[in-house]
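J.: just coords:
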DNA sequence: ACGATTTAAATCGCACACGATTAAATCTAG
DNA sequence: CTAGATTTAATCGTGTGCGATTTAAATCGT
């Protein structure tokens, strides 16, 4: 009924809580994002571009912690949906700059309510949500230079 | 340089911290799991089975928050690697019971050190890691009945 | 100046995740 | 007793994630 090694018990593992909570949040966002024809990772990339338009794929990768093997197809889908354009830099043809289209910029207004609506979907207190975010960011900062 | 709507700023979004931290943890586990030919979700499923062998796909789904569309192929891969067997229940042929093989049981011993090794890879204090897990579990509990 | 190295993005292959549907077995209401 | 509803897995299609490799462009070292 229970693992031979207590340290392997699922309930005791932070890794599983993180994995499950992350997917749960994605599921909470999905109905809202679907109204704008967005997936969750596409929304993350748009958040980055709304904050700073005209980034290279590499920059988006650094901010999202995603590599080109994930970003290239994702950005092509955003381009197909007319939310961004992809332009090669003339001074360095290796670099691919990503710009929001008018439609992409307009989408920011439509998405402005999403954070508030998401807050409304959880019964967790603002205080605890803030604590959670602080701890996660601390963890990320401790590890952000280890893998790319 | 900055989003029109401050509430859309990436650094302010809990959702992104969670998404990034979860993937970071997966990346930390990967080198350890690769030694045993396991992926991270496969490890999660094995943690469940080590705790309670002989579950139905449905039970594993409830504990992992994964559905059969993810679990069926994952379990088939575990079966191919001779870590589990899949048996239809005679009394109800719809049900598929999953049992650990000897190899699957033996793997528990080999994985016993993984939690400790993972702890050694982070500089975050035990206290903060515990706080983090507590908050995540609280969040999960508040939402676990909303989607499956 | 020019081959070797480095860099940026794209490509490839595999394994998730998950919404939606399907298929088969079981249950249930009349 | 049986038609319809329910349950359980499996299947299908799309979109990530990511290690590894490839391609092309720029830079470096001699």
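T.: Arrived safely. In this text, all values refer to a predicted model and were calculated from it rather than measured experimentally.

J.: Which helix or strand contains residue A:42?
T.: In the assignment (DSSP states H and E), residue A:42 maps to helix A:40-51.

J.: touching DNA strand D at all, that helix?
T.: Yes. Using C-beta under 7 Å from any atom of the strand, helix A:40-51 comes into contact with DNA strand D via A:40-42. For glycine as for every other residue, the C-beta is placed from the backbone atoms N, C-alpha and C.

J.: quick one: which of those residues has the most company?
T.: residue A:42 (19 neighbours; other C-beta atoms under 10 Å in any protein chain shown).

J.: ok, it to chain B distance?
T.: 12 Å (C-beta to the nearest C-beta, to the nearest Å).

J.: Could you do residue A:85 as well?
T.: Here the distance between residue A:85 and chain B works out to 19 Å (C-beta to the nearest C-beta).

J.: repeat for residue A:81
T.: To chain B, residue A:81 is 19 Å away according to C-beta to the nearest C-beta.

J.: Can you report how many residues neighbour that residue?
T.: Residue A:81, neighbours per other C-beta under 10 Å, totals 16.

J.: Let's check: the centremost residue of chain A is which one?
T.: Central residue of chain A (C-alpha atoms, centre = their mean): residue A:44, 3.2 Å from the mean position.

J.: pLDDT wise, what is it at?
T.: Residue A:44 carries a pLDDT score of 97 in this model.

J.: can you give me the helices in chain A?
T.: For chain A, the helices defined by DSSP state H occupy A:14-34, A:40-51, A:57-64, A:68-80, A:102-111, A:114-120, A:126-143.

J.: hang on, the earlier thing: any residues touching the helix holding residue A:42, and which ones?
T.: A:26, A:29-30, A:33, A:38, A:55, A:60, A:63-64, A:66, A:70-71, A:74-75, A:77-78, A:83-84, A:98, A:100, A:104-105, A:107-108, A:111, B:1-5, B:8-10, B:13, B:15-16, B:19 (C-beta atoms under 8 Å, 6 or more residues apart in numbering or on different chains).

J.: ok, now stretch A:90-110?
T.: Under C-beta under 8 Å, 6+ apart, the answer for stretch A:90-110 is A:36, A:46, A:49-50, A:53-58, A:60, A:75, A:78, A:82-89, B:3-5, B:8.

J.: if we can go back for a sec, tell me the most buried of the helices of chain A?
T.: Counting by mean count of other C-beta atoms under 10 Å in any protein chain shown, helix A:40-51 has the highest mean neighbour count of the helices of chain A, with a mean of 21.

J.: Of the residues of helix A:40-51 next to DNA strand D, just say which sits nearest to DNA strand C.
T.: DNA strand C lies nearest to residue A:40 out of the residues of helix A:40-51 next to DNA strand D, by C-beta to the nearest atom of the strand, at 9.0 Å.

J.: How far does the worst-scoring helix or strand of chain A on mean pLDDT sit from its chain's centre?
T.: None of the helices or strands of chain A scores lower by mean pLDDT, DSSP states H and E than helix A:114-120, at a mean of 93. Relative to the centre of its chain, helix A:114-120 is centred 16 Å away, using C-alpha atoms, centre = their mean, to the nearest Å.

J.: so what does it touch, helix or strand wise?
T.: helix A:14-34 (3 or more C-beta pairs under 8 Å, 6 or more residues apart in numbering or on different chains; DSSP states H and E).

J.: Please see if the helix it packs on touches chain B.
T.: Yes. Counting by C-beta under 8 Å from any C-beta of the partner chain, chain B is contacted by helix A:14-34 at A:14-29.

J.: Quick check: residues of chain A near DNA strand C?
T.: A:23, A:26-27, A:30, A:56-58, A:61, A:67-69, A:71-73, A:75, A:86, A:94-97.

J.: Report the entries of the residues you listed that also contact DNA strand D.
T.: Okay, of the residues of chain A next to DNA strand C touching DNA strand D (C-beta under 7 Å from any atom of the strand), that's A:26, A:67-69, A:73, A:94.

J.: Can I get these in TSV including pLDDT?
T.: Listed next are these as TSV, based on pLDDT from 0 to 100:
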residue	pLDDT
A:26	97
A:67	98
A:68	98
A:69	98
A:73	98
A:94	96
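
J.: between the residues you listed, which is nearest DNA strand D?
T.: Closest to DNA strand D, out of all of those and judged by C-beta to the nearest atom of the strand, is residue A:69, at 3.1 Å.

J.: Quick check: the gap between the closest one and residue A:99.
T.: 22 Å (C-beta to C-beta, to the nearest Å).
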